[in-house]
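Student: After the sequence you'll find the predicted model.
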Amino acid sequence: MAQFVTTSSSTDVFTLKITGEVDIAAKDEMVAATETCLDSPSTTIEVDIGGVTFIDSSGLGALVRLRNEAGLRRKRVVVTNAPASVTRLFEVTGLVGVFETRTDG
Amino acid sequence: MPTSPEDSTGTSTSAEAAEAATERRVLASHPRRPRHPRRAAALIAAFCLTLTGLATTAAARVDESSEQRLLDVQTKQAAAVLSTAIRLIQEPLSTALSIQRVADVRDETAAFSRLMTAYVGEGRQFTSASLWKLDNDSMTRLVSIGAPPALKANQPATLEYLRSSIDSPTFTVESVSAGDQDRIAYAVGDAVTDYVVYAERAIPADRRAPVDRESAFAALDYAIYLGPTKNLQTLSTTNVDPSTLPLSGTTAEVAVPFGDTVLTMVTEPRGHLGSPLGARLPALLLIGGLLISGFATRTGYQLVRRRQEAEASTATITDLYEQVESLYGQEHELSERLQRALLPHANPVIPHLQIASEYVAGAHGVDIGGDWYSMIALGEDRFGFVVGDVSGRGIDSVAVMAHARFTLRAYLWNGDSPSDALEKCSHQFDIAVDGHLTTAIVGVGNWRTGEVTIASAGHPAPLLITDGTLEYVEVRPGRPLGVGVSTYECTTFTMEPGSTLFNFTDGLVERRTEDIDTGLARLASTVGTVVEKSVDDLVAHAVHTLRCEDASDDIAVLALRWQPSSEARFHGDQRAPAGARSFVADQLPALVGTDGGPLCDDVVLIVSELVTNAVRAGAGTVDVQLQSTPGRLDLRVSDDATGWPTPRGASAADPDGRGLAIVELLTDRWDAVPRNPGKTVTATWFC
């Protein structure tokens, strides 16, 4: 089960921290968290997926939807701390380069 | 077989309890009625003595009654004689009176005198006789013969007496005395002519009269009384001492008319009147009865005592027989319990193996045999199995069976191949020592690959059932254990998914009257009809069909079906993908090994994608099956929804439509097959 925690860390950056398994069961919560992020005044949305243990196409789709919505509102989305399994999935699905990624120390 | 002290104590305690139970049963089943020879003898004696007493009494009664009857008869005869004697007295008197009536015309007495002279005198009827004529109140004695009559003339008493004799229709009788002599006086008178004939008869002083041996009185003592009164005064005649009168004992009494009175005669038999046998019969019966009673009592006593002894012997034999039966039954029960205790209580759980086993003891009344089966999880992905048969029967066989079973198990556990395990065992079994031969199929297998290696020590080869094809595994049999050191040859084969290896002992196929090939063919045809069934049903059917009710041999069967797949069913909601991932993650290590990390991640991801698609398509239930065959892993996801999986070629900006793309990319092959309803999507990896 996935958990979503949103934090306004500064005026510029709004953080969404996702942990657990992100699949179809997490869809509704993911949508709600996405709305929160988009409604914030921050220009940058950082999605920390360091605690994600599993993600499938449903979860990827939710991330893509967040990225698309943010682009419409001229916000920037950065995926941080992606685990190897998720990185591999990005590679497999051709999403590498679609998401701006960063790994914190 | 080593026995712990607890074991031996337990055995002896249960044996004692069983013995006590046997004793109770014997007592309960023989409620002996106590028979005392003395009591029986007493009963017999009482019975015989009673019979004797009754018979004796009856005989005595019969004799008594017969005596009385004889006495009565003889007494009547005597009375008749007496009557005749009376007539001898009466007739001369009557005749004399008739003559005198005629003579009255001539008034003479000569005829009277001539007639009576013949009757009067010593040794004749009368002592004295006289003729009297009454004339109103006077009387005249016309003639007197013999001794002077005691009747005094010219006395009123005499007149009275004479007158009464005229009035009497018969003659009158009276006792009179003449000096010291008692006499009986007889008088008979004629009313027309008034003549009275008078006579007197002397009675002996002692009243005794001898009796002729031939007379009616010969067998009787008697006493004759004048008149109905019986005393010494009226005693007329007797043949016994008057002082011993009256007669007593068995007596008879009869009254004989005598003039105007009667003679009362009392008689008593002088001896026994009837036959001598009648008199002796009661005594004879008594003596005979007593003798018979004694004999019967003694015989009865001996019979009862011998019967008691015989019953005691029979009871003892029965007891012994039942004890032997009970001991035999106890040994049989003990062997069977031991046998069952040594068989696995439950087979170990081995991945991808469906295991069914059965042990059937021989028919009741036959000693238990030494068949066994054994299933061993050897760790990692290996398993071992043994099916064996120890020759002979009884506890010894079971002990050798235990030895063989645990020794083979230990070698397999230690990593030995089946041939090595058997070879090592061949050093340890010797028919010369324990008297038994042991045959066995020993196998080890890999439940991941289905590879199985077996070796045989003189044991029938197992039947391999693959997709409806049945064949006995070609394994070169080595020598049975117990005939010396031997080497064995391993045969290796790979089971197909869903195939079954059917191991058995010869009790399942052997019949006394046919060769082994016939039995093997029958087993194959029997099993061939139920290959579609579960392995449990297959074993149950084979044993049920092939087992002889009266078979003396026992049967052990161990069937292994290799089914390298796992299935799970999920409710078609949003939690289904998580459940399916968890299930696959649990099953994969058993299917592909713990070192298949990247493959495991992919399979988990793919099952999540496929189940998510099914849930989105509106499936009610989703079935997930994992099947591992050598070099290949199949994941099947089946649902009952109508949608059909169609890859959509999503661009980077598309939020949806990546699922099947992932499937396409992360599997070696995938396809979809329609079901009714729904479809099955299969993802395949080759390793």
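Tutor: Arrived safely, thanks for sending.

Student: show me what contacts B:Pro674?
Tutor: B:Trp644 (CB atoms under 8 Å, 6 or more residues apart in numbering or on different chains). Where you see a C-beta, it was placed from the backbone N, CA and C, and this is true even at glycine.

Student: if we go to 10 Å?
Tutor: By CB atoms under 10 Å, 6 or more residues apart in numbering or on different chains, B:Pro674 lies in contact with B:644, B:680.

Student: Same check on B:Leu481?
Tutor: Residues near B:Leu481 by CB under 10 Å, 6+ apart: B:388, B:390, B:400, B:403-404, B:407-408, B:422, B:425-431, B:436-440, B:457-459.

Student: Select only the buried ones of those in ChimeraX?
Tutor: Selection of buried members from these for ChimeraX, criterion 16 or more other CB atoms under 10 Å in any protein chain shown:
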select /B:388,390,400,403,404,407,408,422,425,426,429,431,436,437,438,439,440,457,458,459
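
Student: quick one: which of the contacts of B:Leu481 sit in strands?
Tutor: Here DSSP state E is the test, and the contacts of B:Leu481 give B:388, B:390, B:438-440, B:457 as lying in strands.

Student: before we move on, the earlier item: run through the contacts of B:Leu481 and flag the ones next to chain A.
Tutor: Among the contacts of B:Leu481, not one lies near chain A by CB under 10 Å from any CB of the partner chain.

Student: In the stretch 401-550 of chain B, what residue lies closest to chain A?
Tutor: Chain A sits closest to B:Arg448 of the stretch 401-550 of chain B, with a gap of 25.4 Å, by CB to the nearest CB.

Student: What about that residue, how many residues nearby?
Tutor: 19 (other CB atoms under 10 Å in any protein chain shown).

Student: beta partners for the residue nearest the centre of chain A?
Tutor: With distances taken as CA atoms, centre = their mean, chain A has A:Val47 as the residue nearest its mean C-alpha position (3.9 Å). Using DSSP bridges, the bridge partners assigned to A:Val47 are A:Leu16, A:Val79.

Student: Wait, it touches A:Ala33, no?
Tutor: Yes: if you go by CB atoms under 10 Å, A:Val47 and A:Ala33 touch, sitting 9.4 Å apart.

Student: Quickly list what's touching both of the two.
Tutor: Residues touching both A:Val47 and A:Ala33 (CB under 10 Å, 6+ apart): A:4, A:16-18, A:66.

Student: quick one on the thing from earlier: could I get the ones in strands among the contacts of B:Leu481 in CSV, plus columns for pLDDT and distance to B:Arg522?
Tutor: Shown next, in CSV, are these (pLDDT from 0 to 100; distance: CB to CB, whole Å):
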residue, pLDDT, distance to B:Arg522
B:Gly388, 95, 22
B:Val390, 91, 24
B:Thr438, 94, 25
B:Thr439, 95, 20
B:Ala440, 96, 23
B:Ala457, 96, 24
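
Student: Tell me which two of the residues you listed sit farthest apart.
Tutor: Pairwise distances across the ones in strands among the contacts of B:Leu481 (CB to CB) peak at 11.5 Å, for the pair B:Val390 and B:Ala457.

Student: Residues in contact with both of those two, list them for me.
Tutor: Contacts common to B:Val390 and B:Ala457, judged by CB under 10 Å, 6+ apart, are B:404, B:429, B:437-440, B:480-482.

Student: With respect to B:Thr50, which of those is nearest?
Tutor: Among the shared contacts of B:Val390 and B:Ala457, and counting by CB to CB, the member closest to B:Thr50 is B:Leu437, at 77.7 Å.

Student: what about B:Ala185, which helix or strand?
Tutor: Using DSSP states H and E, B:Ala185 sits in strand B:181-189.

Student: Which other helices and strands does that strand contact?
Tutor: helix B:37-103, strand B:128-135, helix B:156-167, strand B:172-178, strand B:195-202, strand B:235-238 (3 or more CB pairs under 10 Å, 6 or more residues apart in numbering or on different chains; DSSP states H and E).

Student: Compare those and give me the one nearest B:Ile606.
Tutor: Among those, if distance is taken as CB to CB, the winner is helix B:37-103, at 99.8 Å.

Student: Helix or strand next in line after that closest one, which one?
Tutor: helix B:110-117.

Student: Averaged pLDDT, that following helix. What do you get?
Tutor: The average pLDDT for helix B:110-117 rounds to 80.

Student: Repeat that for stretch B:518-531.
Tutor: Mean per-residue pLDDT for stretch B:518-531: 89.

Student: Buried residues, it. List them.
Tutor: Buried residues in stretch B:518-531 (16+ other CB under 10 Å): B:519-520, B:522-524, B:526-527, B:530-531.

Student: What residues are bridge-paired with the nearest residue in space to B:Ala223 that is not next to it in sequence?
Tutor: Distances taken as CB to CB, 6 or more residues apart in numbering or on different chains place B:Thr238 nearest to B:Ala223, at 4.2 Å, with adjacent residues excluded. Assessed by DSSP bridges, B:Thr238 has beta-bridge partners B:Arg208, B:Ala223.

Student: Using PDB, list the CA coordinates for the helix or strand of chain A with the lowest mean pLDDT.
Tutor: Least confident helix or strand of chain A, by mean pLDDT, DSSP states H and E, is strand A:3-8 with a mean of 86. Extracted in PDB, the C-alpha atoms of strand A:3-8 (Å, rounded to 0.1, in the frame of the first residue of the first chain):
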ATOM      1  CA  GLN A   3       1.500   6.400   1.200                       C
ATOM      2  CA  PHE A   4       1.600  10.000   0.000                       C
ATOM      3  CA  VAL A   5       2.900  12.900   2.000                       C
ATOM      4  CA  THR A   6       3.000  16.400   0.700                       C
ATOM      5  CA  THR A   7       5.200  19.100   2.200                       C
ATOM      6  CA  SER A   8       5.700  22.800   1.200                       C
END
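
Student: Direction included, what does it pair up with?
Tutor: Sheet pairing of strand A:3-8 (DSSP bridges) gives strand A:13-22 (antiparallel).

Student: quick one: buried residues of the strand it pairs with?
Tutor: For strand A:13-22, by 16+ other CB under 10 Å, it's A:13-19, A:21-22.

Student: which one of those sits closest to A:Val78?
Tutor: When these are compared for distance to A:Val78 (CB to CB), A:Val13 wins out at 8.6 Å.

Student: Identify the residue spatially nearest to that closest one, adjacent ones excluded.
Tutor: A:Thr44 (4.8 Å).

Student: where exactly do the helices run in the chain?
Tutor: Defaulting to chain A. Using DSSP state H, the helices of chain A run over residues A:27-39, A:57-72, A:84-92.

Student: look at chain B instead
Tutor: Under the criterion DSSP H, chain B contains helices at B:5-29, B:37-103, B:110-117, B:156-167, B:276-342, B:395-413, B:418-426, B:431-434, B:516-528, B:535-546, B:576-592, B:597-616, B:659-666.

Student: Lowest mean pLDDT across these, which one is that?
Tutor: With a mean of 45, helix B:5-29 has the lowest mean pLDDT of the helices of chain B.

Student: Please report how far the closest residue to chain A within the stretch 301-450 of chain B lies from B:Trp447.
Tutor: When distances are taken as CB to the nearest CB, the stretch 301-450 of chain B reaches nearest to chain A at B:Pro351, 24.7 Å away. Distance of B:Pro351 to B:Trp447, given as CB to CB, to the nearest Å: 5 Å.

Student: for B:Ala455, same thing?
Tutor: Taking CB to CB as the measure, B:Ala455 falls 19 Å from B:Trp447.

Student: go on, B:Ala559?
Tutor: 15 Å.

Student: same question, B:Arg569
Tutor: Per CB to CB, B:Arg569 is found 23 Å from B:Trp447.

Student: Can you tell me the closest non-neighbouring residue to the closest residue to chain A within the stretch 151-300 of chain B?
Tutor: Among all residues of the stretch 151-300 of chain B, B:Gly300 sits closest to chain A, at 102.5 Å; criterion: CB to the nearest CB. Nearest non-adjacent residue to B:Gly300, counting by CB to CB, 6+ apart: B:Ile44, 4.0 Å away.

Student: what's around the nearest residue to B:Leu591 once chain neighbours are set aside, how many residues?
Tutor: Residue nearest to B:Leu591 in three dimensions, not counting chain neighbours: B:Ser628, with 3.8 Å by CB to CB, 6+ apart. For B:Ser628, the neighbour count with other CB under 10 Å is 26.
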